[in-house]
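In: Fold the following for me, if possible:
(chains A and B)
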Amino acid sequence: MIALYRPGTSLLHRTPAGLKVVLFMLVSLAITVAGSTPWALPLALVFVIVGYLLAGFGARELARQVFAVRWLVLFMLVAQIIFLPPLVAVGNAARVLAVVVLAALITLTTRIPALLDAIDRALRPLRRVGVNSAAVGLLLAMTITTIPVIAGFAATIREAQRARGAKLRLATFAVPLLVMSLKHSDDLADALAARGVE
Amino acid sequence: MAPAQAAQSQPQSPSEIFLDAVSVAFGDRHALSRVSVTLNHRRIGVIGSNGSGKSTFARLLNGLVTPTSGTLRVSGLNPVTEAKEIRRRVGFIFSNPDAQIVMPTVAEDVAFTLRGRGYTRAEIAVRVTATLERYGLAAHADAPAHNLSGGQKQLLALSAILVGEPQILVADEPTALLDAANTRRIGNYLLDELPQQLVLVTHDLALAARCDHVLRFSEGRLVDQGHPAAVIDRYANAVEHG
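Out: Here you go, the predicted structure:
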């Protein structure tokens, strides 16, 4: 679900990470605030398509990113359609989809170290109130790194349960997943310490 | 060959590892009991059964574990009070490469080691590229790190540590999760090509036999040390006769 960097020389690849993040935040805010304005959604769609074309990825990559978040969007749609008129629910889901694929565009065109530097610089003023800007950036990068690991744990648990003929139950799935995740976080903490991260 | 790469390929003089009556306890459990040894060999093997204390010994060297009592010096440094410097000088790789990957892609993970060391982005890029080429990972530079094979992940873990040019490499069962081909590949690299001093914790007695000096731990004590063939022979006898 989280896109990883693809090498390239496009305008978006060359744009500084900090500027991209600020632009993304402004556009996301505009998409959210514009809400039910009729032109907001088509404009967001155009912005997303132009962004992917500018990055040199094209329609196929955009489709791949949309497909990657299909379950999230479907879940949002189903949850809202119970309480809201269908058109509003579709509009809300489409706005979230636009923001998510734009976020993917940033990670597709920005190396994580550049993103870490940008986050570090942006949060540096908050050091006076005790915020460790480098640690916040590292936390975000490690979240991206760890998601496929946790997904791998989930697949392993399901395989082990299937091998023993067990049915999928929340407790028998969640508890081992939690234990494996905590063990992984312990190991990762040791690895970070060994690499000199305080 | 890049200067950093050339410097890394020259065999380095071993540092001194000194322990005097070092003990480590976790609550009531004694993981190490009064271990005294001085080591200045290039290839040091550490063997023993599960729970014998060999991993605790390895972790002491990088400051991941602190002694409960006794005196410990690595390269003249105290890993407790000089932890930051020790972690620059002593690289550490674990048995599970998945638990060592910090950044999403291969190149980013190697570059992570060099953050905060005063290098420019261009210098980091040069060092990362040279390191990935050296360990045969250049073609995977922008690939998701977790998509690599087990052997490639362990090579990535090695690259990520060695790009920082440590003086000593401590490897805690680095081949435990690898198949035979990758065990041979990683083992050959560590024992034959690595310019740094190596402390290799292993259950693989064939790898231990290729070291210059072997330590054997049992129940938290250093019970034997010396020439690999002799130590391994006595260990095999001890296992055989219970």
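
In: can we go C-alpha only for contacts and neighbour counts from here?
Out: Will do.

In: Flag the shaky bits of chain B, pLDDT-wise.
Out: Residues of chain B meeting the criterion pLDDT under 70: B:1-11, B:242.

In: What parts of it come near chain A?
Out: With CA under 8 Å from any CA of the partner chain as the criterion, chain B comes near chain A at residues B:62-64, B:84, B:87-88, B:91-94, B:98-105, B:108, B:111-113, B:142, B:144, B:146, B:161.

In: Keep only those of those that are in strands.
Out: Counting by DSSP state E, the part of the residues of chain B next to chain A found in strands is B:91-93.

In: Contact partners for the closest residue to residue B:53 other than its chain neighbours?
Out: Leaving aside its chain neighbours, residue B:53 sits nearest to residue B:220 (4.6 Å; criterion: CA to CA, 6 or more residues apart in numbering or on different chains). Listed by CA atoms under 8 Å, 6 or more residues apart in numbering or on different chains, the contact partners of residue B:220 are B:30-33, B:51-54.

In: Surely residue B:162 touches residue B:90?
Out: No: contact status for residue B:162 versus residue B:90: not in contact, 9.8 Å apart, counting by CA atoms under 8 Å.

In: who has more neighbours, these two?
Out: For residue B:162 versus residue B:90, the count of surrounding residues by other CA atoms under 10 Å in any protein chain shown is larger for residue B:90: 29 against 22.

In: Residue B:221 versus residue B:35, what's the distance?
Out: 6 Å (CA to CA, to the nearest Å).

In: For the nearest residue to residue A:105 once chain neighbours are set aside, grab the count of nearby residues.
Out: Computed as CA to CA, 6+ apart, the closest residue to residue A:105 that is not its neighbour in sequence is residue A:52, at 7.0 Å. Residues near residue A:52, counting by other CA under 10 Å, number 22.

In: Stretch B:200-210: which residues count as buried?
Out: Of the residues in stretch B:200-210, those buried under the neighbour-count criterion (16 or more other CA atoms under 10 Å in any protein chain shown) are B:200-203, B:205, B:207-210.

In: for residue B:210, helix, strand, or coil?
Out: Following DSSP: H, G, I helix; E, B strand; the rest coil, residue B:210 is assigned to coil.

In: I'd like the distance between it and residue B:88.
Out: Residue B:210 sits 27 Å away from residue B:88, going by CA to CA.

In: Equivalent analysis for residue B:64, please.
Out: For residue B:64 relative to residue B:88 (CA to CA), the value is 13 Å.

In: again, but for residue A:165
Out: Distance, residue A:165 to residue B:88, by CA to CA: 49 Å.

In: Likewise for residue B:80?
Out: For residue B:80, the distance to residue B:88 - CA to CA - is 14 Å.

In: Need the residues touching each of the two.
Out: Common neighbours of residue B:80 and residue B:88 (CA under 8 Å, 6+ apart) do not exist.

In: So which residues of chain B form helices?
Out: B:3-9, B:54-62, B:83-89, B:106-112, B:121-134, B:150-162, B:180-188, B:205-208, B:228-240 (DSSP state H).

In: for the ones you listed, which one ends up most surrounded?
Out: helix B:106-112 (a mean of 26; mean count of other CA atoms under 10 Å in any protein chain shown).

In: In chain B, what residue lies closest to chain A?
Out: residue B:104 (4.5 Å; CA to the nearest CA).

In: What count of nearby residues applies to the residue nearest to that residue when sequence neighbours are not counted?
Out: Distances taken as CA to CA, 6+ apart put residue A:145 closest to residue B:104, at 4.5 Å, once the chain neighbours are dropped. Residues lying near residue A:145 (other CA under 10 Å) number 22.

In: I'd like the mean pLDDT over the helix or strand encompassing residue A:145, please.
Out: Using DSSP states H and E, residue A:145 falls within helix A:133-163. Averaged across helix A:133-163, pLDDT comes to 84.

In: If you count contacts, what does that helix end up packed against?
Out: Using 3 or more CA pairs under 8 Å, 6 or more residues apart in numbering or on different chains; DSSP states H and E, the elements in contact with helix A:133-163 are helix A:112-123, helix A:170-194.

In: where among these is the average confidence lowest?
Out: Taking the mean pLDDT of the helices and strands packed on helix A:133-163, helix A:112-123 comes last: a mean of 83.

In: From the chain's centroid, how far away is it?
Out: Remark: helix A:112-123 is offset 16 Å from the chain centroid, using CA atoms, centre = their mean, to the nearest Å.

In: what do you get for stretch B:65-80?
Out: 17 Å.

In: try stretch B:111-128
Out: Distance, centroid of stretch B:111-128 to centroid of chain: 22 Å (CA atoms, centre = their mean).

In: Just the terminal-to-terminal distance for it.
Out: 6 Å.

In: Please enumerate residues in contact with that stretch?
Out: A:113, A:195, B:4-5, B:102-103, B:107, B:110, B:160-161, B:163-164.
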